[in-house]
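[1] A structural model of the following input is requested.
(chains A and B)
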Amino acid sequence: MLLSQLIGERYREKPGDATMASHIFMLRGGYIRQVASGIYTLLPPAKRITAKIEAIIRQEMDAIGGQEVLFPVVMPAELWRESGRYDSIGSELLRMRDRTGHDMLLGMTHEEASVHLARSEATSYTRFPFMIYQIQTKFRDEPRSRGGLIRVREFTMKDAYSFHTSQEDLARYYEICHKAYERIFARVGLPGIVSVKSDTGMMGGKVAHEFMLLSDSGEDSLVICPHCGFSANVEASPVRAAHEERPSRPVRKLETPHCKTIDDLCALLGTTPDRTVKACVFAVEGRRKPVVVFIRGDFEVNEAKLRQRVGADVFPLADSASCPDICFGFIGPVGFSADADVWFDATLEGEKDMVCGANEADLHLSGVDMTPEGLGANWPAGFFDLAKARAGDVCPVCGKPADLRRGIEMGNIFQLGTKYSASMGYTYTDADGKPQTPIMGCYGIGVGRLMAGICEEHHDDYGPVWPISVAPWQIHLCAIGGAKDPAVAEAARQLYGELSARHEVIFDDRNVTAGVAFADADLLGVPVRVIVGRGLGRDGTVEVATRDKSYRENVPLDGVPAAVEAQIARLTAEIG
RNA sequence: CGGGGUGUGGCUCAGUUUGGUAGAGUGCUUGGUUCGGGACCAAGAGGCCGCGGGUUCGAGUCCCGCCACUCCGACCA
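    Residues are numbered from 1 along each chain as shown, chains lettered A, B, ... in the order given. Presented below is the predicted three-dimensional model:
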């Protein structure tokens, strides 16, 4: 490819709106252009990178028995009504009508399509297990896109669906897929991606993992234990509070006028938030009764956990407008008798000598124990994990301090179970001739986001440093001063022919100064650079270097192909 | 959906307070001098100042409405 012909300008200045490195460089380098919020055109360099990523994904999916298909982008609402998702999903699902007035939608994921296919093509147990996958455009009408390709509305995704005759077989295949994902991420140059336990959300199912690129600019918070290897999304991470054993003390009623917050209370009584019991009140979608969660004062309620526990959406309530029998600001577990569903968070279990609301205005109790004696009639059937993980919490598995890190989700895997196969009436005939419902798993990777993630991980001050496995070209050939020196132009042209025979070469054939040529080369991030210029006239040499600065050498003209070959081999071997 | 911000040549931005012929840098075109880390000189092309109303002799600038983009939060299959 001639750089003089490459479509896509490169900019010297940082685009105004971009803050993430990948966003800045992919705009400056002519990789992407925005068309609308969260909707982008990919230019040739980006298209070449995603094609490389897709090829790696295909190889690994094929290697674990995947069969590539292509589902439609536009689907009839009818199909999604079968699973119930046409009505249960909000405005992220883009709905429309066709010319005959039928409700249609843009696919944001393809569980329905995969079941639609499988239920008519795989009706005998002899077909199982199997996995089908596709690499295709998805549209999710995100309320807020950001960060260039990190979070968009239209994107390319590899999504795979596996079908099994038993939970054990799904679990077995899930592990196989987990390993395939690790290989994919290592091969595209991100061996540091970690898998974390994740919330299954509205997808249904029990077990799920997300593959996270650790990055300060990530949108997700992760609990990662450096001691035992435990890792989980904070949304899904159990919380274990550091607990101090202390003696019981007598219960006392305290005057606490106007102390409606934990901070007020601690200031007045000279105690700390972890010695208090906080009550959080939530309205529940579709229910009259509110939910009250008792939790240790230094923790917050994780609404995702509560939502899952309650089985419906929840909204925090701040005053007694809709529940007059609750004494806001002074709610406590002792003698609490309002009409509400009450939950106790696990952070309270076993705590003694706590301060809590007395359920009367301007009064609190101290010396309350979270024991059957201390709580009396309100002693709960159980303590549940409803707290939001914080930095500095102890690991829920080994009890040592865990880290809280930020991450960018690059892929996810779910054990779906029968949510879609059952709701959509998919059965196969087992060996006894009886109908059975298949058990499903699904597995996704965002291709564009992965490209952006690679850029986040591999760049310097001047541009991306693409791993050779995904680089848009392997070799960047520059002719410096070629317009003036015919020997340089001729040598570069000849090298272009030779190197192109075996590799992808981008040839900067323009008549520009060295500074411009090098700046553009940095933005294109091609791993091996060949510079024909002053060295040729001086001592007949050409510079061969790598973008990552691990190698630079002046080699004789006829030695260039071998030197290039050696560097490509070395960089390729490093990826593994 | 709540709260902020910004819309002016391809890109980055002045100009808006106090209304009076549309600006700079960069990029682009042409000619010349340069030529290993974003060179220099000269001459050019390129703008419905986001859109629609209004006020005014006159609006990029003031008023009203709308739209788009963006940041923080909520949401995220």
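[2] neighbours around residue A:328, how many?
    Counted with other CB atoms under 10 Å, the neighbours of residue A:328 add up to 16. Quick note: C-beta positions are derived from backbone N, CA and C, even for glycine.
[3] Tell me which residues touch the closest residue to it other than its chain neighbours, please.
    Sequence neighbours aside, residue A:320 is the residue nearest to residue A:328 in space, at 5.1 Å (criterion: CB to CB, 6 or more residues apart in numbering). Shown in contact with residue A:320 (CB atoms under 8 Å, 6 or more residues apart in numbering): A:326, A:327, A:328.
[4] what's the closest of these to RNA strand B?
    residue A:328 (20.9 Å; CB to the nearest atom of the strand).
[5] In this structure the closest one contacts residue A:319, no?
    Yes: the pair residue A:328 / residue A:319 is scored as a contact, 5.7 Å apart, by CB atoms under 8 Å.
[6] Residue A:342: helix or strand, and which one exactly?
    Assigned by DSSP states H and E, residue A:342 falls within strand A:341-345.
[7] The helix-or-strand element of chain A with minimal mean pLDDT pairs with which strands?
    Ranking every helix and strand in chain A by mean pLDDT, DSSP states H and E puts strand A:314-317 at the bottom, with a mean of 79. When pairing is defined by DSSP bridges, strand A:314-317 lines up against strand A:277-284 (antiparallel).
[8] now what about the partner strand, what contacts it?
    So strand A:277-284 is in contact with A:262, A:290-297, A:299, A:301, A:303, A:306, A:310, A:312-318, A:322-323, A:326, A:328, A:331-333, A:340-341, A:348, A:351, A:354-357, A:368, A:370, going by CB under 8 Å, 6+ apart.
[9] export the following helix or strand past that strand as PDB, just CAs?
    Later in the chain than strand A:277-284, the nearest helix or strand by DSSP H and E is strand A:291-296. Extracted as PDB, the C-alpha positions of strand A:291-296 are listed here (Å, rounded to 0.1, in the frame of the first residue of the first chain):
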ATOM      1  CA  VAL A 291     -37.600  -2.700  51.200                       C
ATOM      2  CA  VAL A 292     -35.500  -1.800  54.100                       C
ATOM      3  CA  VAL A 293     -31.900  -2.900  54.200                       C
ATOM      4  CA  PHE A 294     -29.900  -2.800  57.400                       C
ATOM      5  CA  ILE A 295     -26.200  -2.500  56.700                       C
ATOM      6  CA  ARG A 296     -23.100  -1.500  58.600                       C
END
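[10] what is the orientation angle of strand A:291-296 with strand A:277-284?
    160 degrees (axes from the mean of the first three to the mean of the last three CA atoms, to 10 degrees).
[11] so what strands line up beside strand A:291-296?
    Counting by DSSP bridges, the strands paired with strand A:291-296 are strand A:277-284 (antiparallel), strand A:341-345 (parallel).
[12] what about the residue nearest to residue A:450 when sequence neighbours are not counted, how many neighbours?
    Closest residue to residue A:450 apart from its sequence neighbours, by CB to CB, 6+ apart: residue A:410 at 5.3 Å. When neighbours are counted by other CB under 10 Å, residue A:410 registers 24.
[13] hmm, back to that, distance from the strand holding residue A:342 to the middle of the chain?
    Strand A:341-345 has its C-alpha centroid displaced from the chain centroid by 31 Å (CA atoms, centre = their mean, to the nearest Å).
[14] buried residues in it?
    A:343, A:344, A:345 (16 or more other CB atoms under 10 Å).
[15] can you check stretch A:192-199 too?
    In stretch A:192-199, counting by 16+ other CB under 10 Å, buried: A:193, A:194, A:195, A:196, A:197, A:198, A:199.
[16] From those, list the ones also adjacent to RNA strand B.
    Of the residues in the buried residues of stretch A:192-199, proximity to RNA strand B by CB under 7 Å from any atom of the strand holds for residue A:199.
[17] Flag the least confident of the buried residues of stretch A:192-199.
    Lowest-confidence member of the buried residues of stretch A:192-199: residue A:199, scoring 75 (pLDDT).
[18] Would you mind naming the helix or strand containing that one?
    Residue A:199 is part of no helix or strand when elements are defined by DSSP H and E.
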